[in-house]
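Asker: when you get a sec, could you give me coordinates for this:
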Amino acid sequence: MPLKRIFTFLLCLFSLALQAQDWNKKQSAVVLTYDDALNVHLDKVVPALDAVGLKGTFYLTASSAAFTKRLNEWKKVAANKHELANHTLFHPCDGSLPGRSFVTPDYNLATYSVRRITDEIKMTNAVLQALDGKQERTFAYPCGDTKINGVSYLDASKNEFISARGVKSEMVSKGNVDLYNIGSYMINGQSGEELIALVKKAIETNSMLVFLFHGVGGEHNLNVSLEAHNQLLRFLKDNEKKIWVPTFVEASKYLKATGAGK
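Answerer: Below you'll find the predicted structure:
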């Protein structure tokens, strides 16, 4: 084989190898996010993460009793490098949509103004900063609702955040990622094997996978067993040479720094 062809072939192999290691020098990224500020997050999830040396992102609803009554514990969670993130003050959802009978009139996003949700979002940021001292923050849309009467409500407060998590089930590929609506897989009842299968798909497709958990071992209608969750954590730890497990803010900053997000 001519020397030029050999060089071209080796260059292609090198390029493919780089592409396969482009998540902070790993083949994929997996982000663990937990919504709604539940007691189970402090009682079960944080100890499980700490046991294997992994970090999670906790999207906190600041009015939740599991938050307001356990502030010192959440402060310790932040000090241990987990991410405290914004899930609004009262978790308003659009009650005009099908299947939203659980939405109360007081916190019906359909009747909110952009000013009201913006004020509540900013207040939540202030509360979180008082706990962890940080200014860089990420956001998660309650119920995945992004608009009030067809208008994107986050536009008025985008400068408060570096990114936002949505609920579209997708493997995130490096490219023109919308940093203010990054997809995630909402988990409800899956087995450990099913959770691991999603991670394997992320590895195979050289993608980032964002898990969206609520209850872990109880406390929420959207729930996964503690056993399945721990099985996932063990797999992530056992495969840390292939998988980067950042917080959501770390992943977002990486996407922005590498030009993969907008």
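
Asker: adjacent strands (with direction) for the longest strand belonging to the chain?
Answerer: In the chain, with assignment by DSSP state E, the single longest strand is strand 28-35. Using DSSP bridges, the strands paired with strand 28-35 are strand 57-60 (parallel), strand 208-213 (parallel), strand 243-244 (parallel).

Asker: now distance to residue 110 and mean pLDDT too, for the ones you listed, in a markdown table please.
Answerer: The C-beta positions use only the backbone N, C-alpha and C, and glycine is treated the same way. Shown next, in a markdown table, are these (distance: least, CB to CB, whole Å; pLDDT from 0 to 100):
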| stretch | distance to residue 110 | mean pLDDT |
| --- | --- | --- |
| strand 57-60 | 22 | 98 |
| strand 208-213 | 23 | 98 |
| strand 243-244 | 39 | 98 |
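
Asker: where along the stretch 151-262 of the chain do the helices fall?
Answerer: Using DSSP state H, counting those that start in this stretch, the helices found in the stretch 151-262 of the chain span residues 192-204, 226-238, 248-257.

Asker: let me know which of those helices is the nearest to residue 83.
Answerer: helix 248-257 (5.4 Å; CB to CB).

Asker: mind listing residues that contact stretch 89-104?
Answerer: 36, 61-63, 105-112, 117, 120-121, 123-124, 142-143, 145 (CB atoms under 8 Å, 6 or more residues apart in numbering).

Asker: of the residues you listed, buried ones?
Answerer: Among the contacts of stretch 89-104, those classed as buried by 16 or more other CB atoms under 10 Å are 36, 61-63, 107, 109-112, 117, 120-121, 124, 142-143, 145.

Asker: among those residues, which one lies nearest to residue 180?
Answerer: residue 121 (12.9 Å).

Asker: host element of the closest one?
Answerer: Here residue 121, judged by DSSP states H and E, is contained in helix 114-132.

Asker: who's the residue nearest the centre of the chain bridged to?
Answerer: Centroid-nearest residue in the chain, with CA atoms, centre = their mean: residue 33, separated by 4.1 Å. In this entry, residue 33 is beta-bridged to residue 57, residue 212, by DSSP bridges.

Asker: isn't it right next to residue 56, touching?
Answerer: Yes - using CB atoms under 8 Å, residue 33 is in contact with residue 56, at 7.0 Å.

Asker: related to what we said a few turns ago, most neighbours per residue, which of the strands paired with strand 28-35?
Answerer: strand 57-60 (a mean of 28; mean count of other CB atoms under 10 Å).

Asker: and the helix or strand that that one is followed by, what's buried?
Answerer: Going down the chain from strand 57-60, the next helix or strand is helix 65-68, by DSSP H and E. Buried residues in helix 65-68, defined by neighbour count with 16+ other CB under 10 Å: 66, 67.

Asker: find me the pLDDT at the residue nearest to the centre of the chain, would you?
Answerer: If you check residue 33, the pLDDT there is 99.

Asker: strands along the stretch 1-150 of the chain, start to end?
Answerer: 28-35, 57-60, 83-86, 138-140, 147-148 (DSSP state E, counting those that start in this stretch).

Asker: which of the helices of the stretch 151-262 of the chain is buried the deepest?
Answerer: Sorting those by mean neighbours (by mean count of other CB under 10 Å), the first place falls to helix 248-257, with a mean of 20.

Asker: picking up where we left off before, for the helices of the stretch 151-262 of the chain, could you give me CSV that also reports distance to residue 24?
Answerer: As requested, these are exported to CSV (distance: least, CB to CB, whole Å):
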stretch, distance to residue 24
helix 192-204, 14
helix 226-238, 14
helix 248-257, 6
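
Asker: who wins for proximity to residue 51 among those helices?
Answerer: helix 226-238 (7.9 Å).

Asker: return the distance of the closest one from the chain's centre.
Answerer: Here helix 226-238 is found 17 Å from its chain centre; the criterion is CA atoms, centre = their mean, to the nearest Å.

Asker: same thing with stretch 235-249?
Answerer: For stretch 235-249, the distance to the chain centre is 14 Å (CA atoms, centre = their mean).
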